[in-house]
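Chemist: Fold the following and give me the result.
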Amino acid sequence: MDTERFGFRSAEYSSWHRTASLRRYLGEDLASTLSTVDLDNAIWIEHSDGAKEPLLLIETALDVEQEWKATSVIRQLARRANLPAYVVLYKPARHPNSGDARFNDIERFRVKRVWPDPDGDWITLSPQQWAERLLVIRARGAARLDNEARQSQPGNQLELVGRAGRYSPGTQ
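Modeler: Okay, the predicted model is just below:
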């Protein structure tokens, strides 16, 4: 079993992405729509709150000024699930998170999309900017789910019916 690279598992991001913390940036109603599930305390799935449909995969890590972060596993998961994936590095602040004072707040994020269309460079974002970006990503994912649902409704499926009856592949 692997040991923690830095000797501990940081909990700042786990605290930051909860409604009590995000409401500082987005208000209660919008913050409550960013519901997440912690899979390994490293990979996060942003999901549609009502249906529990996955919308996004996020791998988080403590920002120690590293130039890169291994993302091969999350890229493969994202590709197979056909979901966007990001790696998010976070730098803890020196002050507590007002949404959960047990943990320090987050000073800044460095974010990179890893699938599809991977970003070449890190984008540095404030907590406010990352919270707002999550809302945009969530809205796009929810719109995709809505489109998929419309496509799968019985009235939207192509039926080839003629005088001879229904068409079946392999028949003339």
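Chemist: Quick check: neighbours of the strand ranked longest in the chain in the sheet, parallel or antiparallel?
Modeler: Ordering each strand of the chain by length in residues (DSSP state E) puts strand 100-115 first. Applying DSSP bridges, strand 100-115 is found paired with strand 85-97 (antiparallel), strand 123-125 (antiparallel).
Chemist: what's the average pLDDT for stretch 100-115?
Modeler: Across stretch 100-115, the average pLDDT comes to 96.
Chemist: Helix or strand: which one has the closest residue to S98 other than its chain neighbours?
Modeler: Leaving out its chain neighbours, the residue that sits closest to S98 by CB to CB, 6 or more residues apart in numbering is R24, at 6.6 Å. (Each C-beta comes from the backbone N, C-alpha and C, glycine too.) Remark: R24 resides in helix 19-31, with elements defined by DSSP states H and E.
Chemist: Now G141: phi and psi?
Modeler: The phi/psi pair for G141 (degrees, to the nearest 10) reads phi -70, psi -40.
Chemist: nope, D63 is what I meant
Modeler: The phi and psi values for D63, taken as degrees, to the nearest 10, are phi -80, psi 110.
Chemist: before we move on, what about L134?
Modeler: The phi/psi pair for L134 (degrees, to the nearest 10) is phi -60, psi -40.
Chemist: Let me know the helix or strand that the residue nearest to it when sequence neighbours are not counted is in.
Modeler: Nearest non-adjacent residue to L134, counting by CB to CB, 6+ apart: L34, 5.5 Å away. Assessed by DSSP H and E, L34 sits outside every helix and strand.
Chemist: quick one: L34 from V88, how far?
Modeler: Separation of L34 from V88 (CB to CB, to the nearest Å) stands at 13 Å.
Chemist: circling back: test my guess that the residue nearest to L134 contacts A20.
Modeler: No - in this structure, L34 is not within contact of A20 by CB atoms under 8 Å, at 11.9 Å.
Chemist: Between the two, which has more neighbouring residues?
Modeler: A count of neighbours by other CB atoms under 10 Å puts L34 above the other of L34 and A20, at 19 against 15.
Chemist: show me the contacts for that one.
Modeler: Residues touching L34, when contacts are defined by CB atoms under 8 Å, 6 or more residues apart in numbering, comprise 17, 19, 22, 26, 46, 131, 134-135, 138.
Chemist: Same question for H95.
Modeler: Counting by CB under 8 Å, 6+ apart, H95 touches 104-105.
Chemist: same question, I106
Modeler: Contacts for I106 (CB under 8 Å, 6+ apart) come out as 12-13, 16, 90-93, 97, 127.
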